[in-house]
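Chemist: Any chance you could fold what I've pasted below:
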Amino acid sequence: MGYPDPADDRNPLLVTGAAEDPPLVTDLDGTLVVTDTLLEGALSLIRRKPWLLPWMAVWLIRGKAVLKSEIAARGALDPEKLPYRPELVEYLRAERNGGRSIVLATAAPQTTAKGVAAYLELFDLVLASSDSVNLKGTLKRDELVGRFGVKGFDYIGDSRADAPVWAACRMGHIAGSMRRLPNSALSAGTVQGRVFPGPAREFQTLLRAIRVHQWVKNLLVFVPAILNRHVDGEIFRNLGIAFLSFSFVASGTYLSNDLFDLAPDRQHPRKRKRGLASGQISIVQGIALAIGLVGGGVLLSLAVSRQLTACLLIYLALTTLYSCFLKGKPILDVIVLAILYTLRVYTGGLVSGAFVSPWLFQFSIFLFLSLAFVKRYSELLGLRQRREHLAPGRGYRFRDLTVISQAGVGSGLLAGLVLALYVNGQDSRNVYPHPEMLWGICPLFVYWIIRVWLVAHRGNMHDDPILFAFRDKVSYIVGFLIVVAAVLGMVPNVSR
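Modeler: Next up is the predicted model:
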């Protein structure tokens with residue numbers, strides 16, 4: 001078959017094990033780990049040093065081996081945070097305990113491969129890409145055949161790129177979505193070995209990844225039209241498109257955020273189960289889905305107005321800035337979150353043509369600032385309860401909990417004050433025939449915001465506070481009473 005003859009000095013592993021028990025060779029990306037270490041390294045580098053993105057194109061032009069080497073040189077991945085296939089790791093460990101030689105042969109750079117080998121302590125030999133050689137496909141086959149001979153090793157791979165290696169090995173094992181060896185390997189006499197299936201990809205996993213349950217936040221675009229009682233068929237249609245546009249773009253940004261947060265998410269007790277962090281959704285699929293959702297949302301907005309498109313692009317820019325930089329900046333992160341919520345309200349006013357009063361703006365800013373602090377407080381409190389030492393990807397410390405709660409409660413009460421000033425002012429009299437009926441809204445709101453903080457302080461706020469409100473019975477009761485007070489305030493005067 002034209003393979004080079006193995007030289008004795010290049011075959012240190014052939015002396016271990018019998019002829020029927022040759023060295024067991026495993027790939028890394030997609031096989032031993034359910035991810036692509038090159039893409040993970042690139043995403044990590046882009047997040048830390050986004051100005052290097054153009055340089056990645058230059059490195060790629062010089063060759064994929066150069067790209068891998070340059071990325072690895074600027075920050076090696078932490079092998080402890082990679083998503084391994086536990087059943088495959090246990091299989092390799094059992095084979096090694098039985099006296100078999102285990103080899104890691106991967107197209108990943110040597111820095112990554114040696115880090116994984118040092119962490120797992122399983123491998124007798126590590127073969128990886130160098131600055132000039134991308135150890136993949138036929139190059140990997142030639143290297144392995146040169147060391148162990150044709151049919152002188154067993155191999156575990158995950159994709160058709162491994163077909164030349166499978167054709168040259170004795171027994172071929174499969175990891176991932178493939179269920180059998182390629183015909184080229186079987187026709188070359190390779191024996192079908194074990195199959196290590198990948199994580200199940202369920203439709204619910206996809207829905208969780210794009211956070212469909214978070215779409216309820218985008219109902220805020222309807223608020224100005226409802227408050228101004230300014231709704232007809234066309235306005236409702238436009239607001240519906242605005243809702244879907246924001247939902248698609250938001251889902252795309254959630255996926256982007258997950259792509260940049262793979263390592264921190266794997267340390268989180270709940271986030272590590274997300275599709276991208278767990279490997280149920282590949283990085284390539286995540287990138288494609290994020291681009292599709294953002295592009296679809298922007299294109300959908302063009303059916304309404306350029307103003308909606310402009311608001312979406314501002315939202316996209318802010319969320320990107322938040323994900324890449326501001327998320328780790330205390331105080332600034334929650335201010336940006338509050339602005340993103342308020343932007344939805346402002347966009348609803350633009351799309352519907354309803355007046356968005358300064359009172360509504362001020363109320364929204366303080367309310368959403370308080371809820372953003374609730375989110376940070378709950379995350380930090382949960383970490384402390386689990387006795388974690390740091391908040392991954394955040395700039396807060398456990399001793400900041402008191403300041404966060406004080407700022408959050410204060411922001412919520414300021415929102416209540418803005419509401420009270422509006423009810424007592426001339427603007428409410430111009431809209432409501434009986435503004436005195438609105439006074440009941442103020443204590444209801446203050447009760448609700450303080451209760452939210454009490455729930456968070458007790459460690460029971462496990463979700464986003466807005467999602468909490470949509471699932472909380474007390475919130476529905478308070479909301480109903482607020483609607484009743486508002487309706488009573490809108491009852492027209494009846495003269496005899």
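
Chemist: drop to CA atoms for contacts and neighbour counts, all remaining ones
Modeler: Will do.

Chemist: low-confidence ranges in this structure?
Modeler: Applying pLDDT under 70 to the chain picks out residues 1-20, 199-202, 388-394, 463, 493-496.

Chemist: how does it look with 50?
Modeler: 1-19, 494-496 (pLDDT under 50).

Chemist: Break down it into its strands, ranges please.
Modeler: With DSSP state E as the criterion, the chain has strands at 24-26, 102-109, 125-129, 154-157, 171-176, 191-197.

Chemist: Serialize those to JSON lines and add fields for mean neighbour count.
Modeler: Shown next, in JSON lines, are the strands of the chain (neighbours: other CA atoms under 10 Å):
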{"stretch": "strand 24-26", "mean neighbour count": "25"}
{"stretch": "strand 102-109", "mean neighbour count": "25"}
{"stretch": "strand 125-129", "mean neighbour count": "20"}
{"stretch": "strand 154-157", "mean neighbour count": "27"}
{"stretch": "strand 171-176", "mean neighbour count": "24"}
{"stretch": "strand 191-197", "mean neighbour count": "18"}
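
Chemist: Of those strands, give the one that comes closest to residue 356.
Modeler: strand 171-176 (52.7 Å; CA to CA).

Chemist: Other residues contacting that closest one?
Modeler: Residues from elsewhere that reach strand 171-176, judged by CA atoms under 8 Å, 6 or more residues apart in numbering: 30-32, 34, 151, 153-158, 166, 180-181, 190-199.

Chemist: Near the residue nearest to residue 60 when sequence neighbours are not counted, how many other residues are there?
Modeler: Leaving aside its chain neighbours, residue 60 sits nearest to residue 67 (5.2 Å; criterion: CA to CA, 6 or more residues apart in numbering). As a burial measure, residue 67 scores 23 neighbours (other CA atoms under 10 Å).

Chemist: Just to check, residue 42 is in contact with residue 71?
Modeler: Yes. Assessed by CA atoms under 8 Å, residue 42 is found in contact with residue 71 at 6.4 Å.

Chemist: ok, the most centrally placed residue in the chain - contacts?
Modeler: Nearest to the geometric centre of the chain sits residue 258, at 1.4 Å (CA atoms, centre = their mean). Residue 258 makes contacts with 265, 276-277, as judged by CA under 8 Å, 6+ apart.

Chemist: Tell me the one of those residues nearest residue 24?
Modeler: residue 277 (28.0 Å).

Chemist: Quick one: neighbours of residue 223, just the number.
Modeler: Using other CA under 10 Å: residue 223 sits among 19 other residues.

Chemist: Quick check: phi and psi on residue 99?
Modeler: phi 100, psi 10 (degrees, to the nearest 10).

Chemist: just to revisit the earlier point, quick one: the strands of the chain as JSON lines, columns for distance to residue 185 too.
Modeler: What follows is the strands of the chain, written out as JSON lines (distance: least, CA to CA, whole Å):
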{"stretch": "strand 24-26", "distance to residue 185": "16"}
{"stretch": "strand 102-109", "distance to residue 185": "18"}
{"stretch": "strand 125-129", "distance to residue 185": "22"}
{"stretch": "strand 154-157", "distance to residue 185": "11"}
{"stretch": "strand 171-176", "distance to residue 185": "8"}
{"stretch": "strand 191-197", "distance to residue 185": "8"}
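
Chemist: out of those strands, nearest to residue 295?
Modeler: For the strands of the chain, proximity to residue 295 was assessed by CA to CA; strand 171-176 is nearest, at 29.8 Å.

Chemist: What's the local residue count around the spatially closest residue to residue 286 that is not a sequence neighbour?
Modeler: Take residue 286 and drop its neighbours on the chain: the residue closest to it by CA to CA, 6+ apart is residue 255, 6.5 Å away. Residue 255: 25 surrounding residues under other CA under 10 Å.

Chemist: now do residue 187
Modeler: By the criterion of other CA under 10 Å, residue 187 has 11 neighbours.

Chemist: Quick check: it vs residue 445, distance?
Modeler: Distance of residue 187 to residue 445, given as CA to CA, to the nearest Å: 73 Å.

Chemist: just residue 486 next, same as before
Modeler: Taken as CA to CA, the span from residue 486 to residue 445 is 13 Å.

Chemist: Equivalent analysis for residue 172, please.
Modeler: In terms of CA to CA, residue 172 sits 65 Å off from residue 445.

Chemist: on that earlier part again, of the strands of the chain, which is nearest residue 403?
Modeler: Set against residue 403 and scored by CA to CA, the strands of the chain come closest in strand 102-109, at 44.8 Å.

Chemist: Name the residues that touch the closest one?
Modeler: By CA under 8 Å, 6+ apart, the residues outside strand 102-109 that reach it are 23-29, 37-38, 65, 68-69, 72, 92, 95-96, 113, 117, 122-130, 134-136, 140.
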